[in-house]
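Participant: take a look and give me a structure for this.
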Amino acid sequence: MEFGLFVQGYVPERRRRADPEAEHHALLEETEYVIQADRSGFKYAWASEHHFLEEYSHLSANDVFLGYLAHATERIHLGSGIFNPLPQVNHPVKVAEKVAMLDHLSGGRFEFGSGRGAGSHEILGFIPGVTDMNHTKEIWEETIGEFARMWLQDEYPGFDGRHWSLPPRKVLPKPYGPGHPAMWYAAGSPPSYAMAGEKGLGVLGFSIQKVSDMEWVLDSYKTAVERAEPVGGFVNDNVMVTSTAICAETHAKAVEIAVGGGLNYLQSLLFRYHDTFPRPDGIPEWPELLPDYTEEIIELLIAEELMICGDPDEVFRQCKRWEQAGADQLSFGLPIGIGYEDTMNTIKLIGEHVIPKIDTDPVHRTTRFRRTAAR
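Facilitator: Predicted coordinates:
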């Protein structure tokens, strides 16, 4: 199992009350988290693309963000988590151009994650009047198969679909080196995993709550990917899952950090905006918040395998459970409100004590797929 980091420009109100430049500091700090993750042996860093989601995610221009990181990092793969290819949000040709450009700037380290947006608040900003959020699925499915053609054909023969069109054109630049970057789909509900597998796409899994949920969802994906008709140049047989992670020198310190991190607020914001996600029982409607997380609640979340938290040995065992359940990649959603120093310490401790014991392959899984397809 490989390891990644996921950043999203989290700027909670309590931070803005304490710091008039909170947005600026948050965005720059998140570049430092990725740079440290690169030094600490993480293989992937994912940056969100969200629009209009106040507090939850101010990272809208993630192509600019990732372009900076392409120069500031050396080994870590940089991924769009996501680029939204709906033509009402980003013209598909411009998405293809951005992917290829970032592949050049990173020296072949780019990962193309796509998706349909976070929910009604985001989607209705670009497609007013939509009453059925599944409408965006039709637009995405019309578009996703065109990217490999734009990258791999000398001249793209053009496209005339229901939702966008383009005359024959040379789409430039082409990706760096052989083939094209691995393609992923951000899955917000379990049925999306099988759909991604059938198209040969890796999954950016943001809907799995606990380790025990992994096994049946993974089974549906792996069954589907075996019969994949890939929309890209190769099958990216990959499931990434995200989890909260707090690692400190002692268990007591990690729990103390978690209690003070305002995790209930971030979780409440998630279900405020991601209204297409399955809503677990007990999650209140915004603006009502989940109760503050006490030490007892944190211990329960750890016991129920709903968060990774503890000293390095504990975190190793918790990560090992995800590997045993079949995850190909485990990414940690950082920051989560626990502060700069504690976030950096978490990255460093996991890099020193956890990753070397689990991820012993020096080559990225997606690099192997891309190289094999090129041969």
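Participant: the residue nearest in space to the middle of the chain and F369, how far apart?
Facilitator: With distances taken as CA atoms, centre = their mean, the chain has G81 as the residue nearest its mean C-alpha position (4.1 Å). Computed as CB to CB, to the nearest Å, the G81 to F369 distance reads 18 Å. From N, CA and C alone the C-beta is placed, and that goes for glycine too.
Participant: got the contact list for G202?
Facilitator: Contact partners of G202, counting by CB atoms under 8 Å, 6 or more residues apart in numbering, are A182, M183, W184, Y185, A196, N236, D237, N238, V239, M240, D328, T366.
Participant: who does it form a beta bridge with?
Facilitator: Counting by DSSP bridges, G202 forms beta bridges with W184.
Participant: the closest residue to R109 other than its chain neighbours: how many residues sit nearby?
Facilitator: Distance criterion CB to CB, 6 or more residues apart in numbering; nearest residue to R109, sequence neighbours excluded, is H77 at 4.7 Å. Residues lying near H77 (other CB atoms under 10 Å) number 24.
Participant: against L102, how distant is H77?
Facilitator: H77 is 11 Å from L102, by CB to CB.
Participant: among the contacts of G202, which ones are buried?
Facilitator: A182, M183, W184, Y185, A196, N236, D237, N238, V239, M240, D328, T366 (16 or more other CB atoms under 10 Å).
Participant: can you map out the strands along the protein?
Facilitator: For the chain, applying DSSP state E gives strands covering 2-7, 44-47, 77-80, 110-114, 159-160, 165-166, 183-187, 202-205, 239-243, 245-247, 308-310, 329-333.
Participant: would a markdown table of the buried ones among the contacts of G202 with pLDDT be doable?
Facilitator: What follows is the buried ones among the contacts of G202, written out as a markdown table (pLDDT from 0 to 100):
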| residue | pLDDT |
| --- | --- |
| A182 | 98 |
| M183 | 98 |
| W184 | 98 |
| Y185 | 98 |
| A196 | 97 |
| N236 | 98 |
| D237 | 98 |
| N238 | 98 |
| V239 | 97 |
| M240 | 97 |
| D328 | 98 |
| T366 | 98 |
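Participant: contacts only, for the closest residue in space to A72 that isn't next to it in sequence.
Facilitator: The spatial neighbour of A72 that comes closest, neighbours along the chain excluded (CB to CB, 6+ apart), is I35 at 5.4 Å. Contact partners of I35, counting by CB under 8 Å, 6+ apart, are L69, A72, T73.
Participant: try it again with 10 Å
Facilitator: Going by CB atoms under 10 Å, 6 or more residues apart in numbering, I35 touches A45, L69, A72, T73, E74, I76, I347.
Participant: likewise for H24?
Facilitator: Contacts of H24 (CB under 10 Å, 6+ apart): V11, H58.
Participant: pull the number of nearby residues for C309.
Facilitator: Neighbours around C309, by other CB under 10 Å: 25.
Participant: equivalent analysis for I350, please.
Facilitator: With other CB under 10 Å as criterion, I350 counts 25.
Participant: partner residues bridging the residue nearest to it when sequence neighbours are not counted?
Facilitator: Nearest non-adjacent residue to I350, counting by CB to CB, 6+ apart: C247, 5.4 Å away. C247 has these beta-bridge partners by DSSP bridges: G310.
Participant: first-to-last residue distance for stretch 152-163?
Facilitator: 23 Å (CA to CA, to the nearest Å).
Participant: want to throw the strands of the chain into JSON lines with distance to R375?
Facilitator: Formatted as JSON lines, the strands of the chain follow (distance: least, CB to CB, whole Å):
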{"stretch": "strand 2-7", "distance to R375": "22"}
{"stretch": "strand 44-47", "distance to R375": "23"}
{"stretch": "strand 77-80", "distance to R375": "20"}
{"stretch": "strand 110-114", "distance to R375": "20"}
{"stretch": "strand 159-160", "distance to R375": "29"}
{"stretch": "strand 165-166", "distance to R375": "31"}
{"stretch": "strand 183-187", "distance to R375": "19"}
{"stretch": "strand 202-205", "distance to R375": "20"}
{"stretch": "strand 239-243", "distance to R375": "24"}
{"stretch": "strand 245-247", "distance to R375": "36"}
{"stretch": "strand 308-310", "distance to R375": "37"}
{"stretch": "strand 329-333", "distance to R375": "24"}
